[in-house]
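Peer 1: Next comes the sequence, and after it the predicted model I'd like to discuss.
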Amino acid sequence: MAHLPTGDTTTVCGCDRTGCLQAAASDLALVERARSAGLRDCPDSLTVVSRALAGDALADTLLRERLRLVARAAALLVDALNPELVLLTEPSVALSENYLALFRQELATFSNVTRAPERVRFPHAGRDLMRVAAGTAALAPLFRDPLRFRMPADSVPHGSGPAS
Ligand SMILES: [Zn+2]
């Protein structure tokens, strides 16, 4: 997915092409664009999001631009895989319905198979998404086969179980 084309013609990727998803729409690219555009004190992408939500027009424009790039790349995946659901983990989408609406509109514009905007959602974990995702990956083997992880009876310390 890193090298999916976004249509951006200015951002050079490590593969020497321009507009690859990882180069054009990454958090680093967003922060570099913000700094180049004159936004000061933008140490990370969440600062750009916060400023946009506080009414900074330039930060808003940069976020919208990034969502358009991601939507173009996502449209390629949607057309190839035709998933029932698209989960978008972009923080701005979690904090503003306007950004979600923009992404849905752009996806519908670039995709040949979807006109169903409700197909795109922000994961139910909300702002805890990354923590939940990490926990899910770590616990997946346990959920897949819980009996495999049962402790042998002789490993349970004496006096810690129910009285018999
Ligand atoms: Zn590339």
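Peer 2: Received it, and whenever you're ready, just let me know what you need.
Peer 1: Around the ion, pick out the residues from this structure.
Peer 2: 3, 13, 15, 20 (Cβ under 5 Å from the ion). All C-beta spots, glycine's among them, are computed from the backbone N, C-alpha and C.
Peer 1: for the third one, phi and psi?
Peer 2: The phi and psi torsions at residue 15 (degrees, to the nearest 10) take the values phi -90, psi 10.
Peer 1: Quick check: it vs residue 98, distance?
Peer 2: 33 Å (Cβ to Cβ, to the nearest Å).
Peer 1: can you list the residues of the chain next to the ion in JSON lines and add pLDDT?
Peer 2: Supplementary listing: those in JSON lines, determined by pLDDT from 0 to 100:
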{"residue": "3", "pLDDT": "94"}
{"residue": "13", "pLDDT": "92"}
{"residue": "15", "pLDDT": "94"}
{"residue": "20", "pLDDT": "94"}
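Peer 1: Just the buried residues of the residues you listed.
Peer 2: 13, 20 (16 or more other Cβ atoms under 10 Å).
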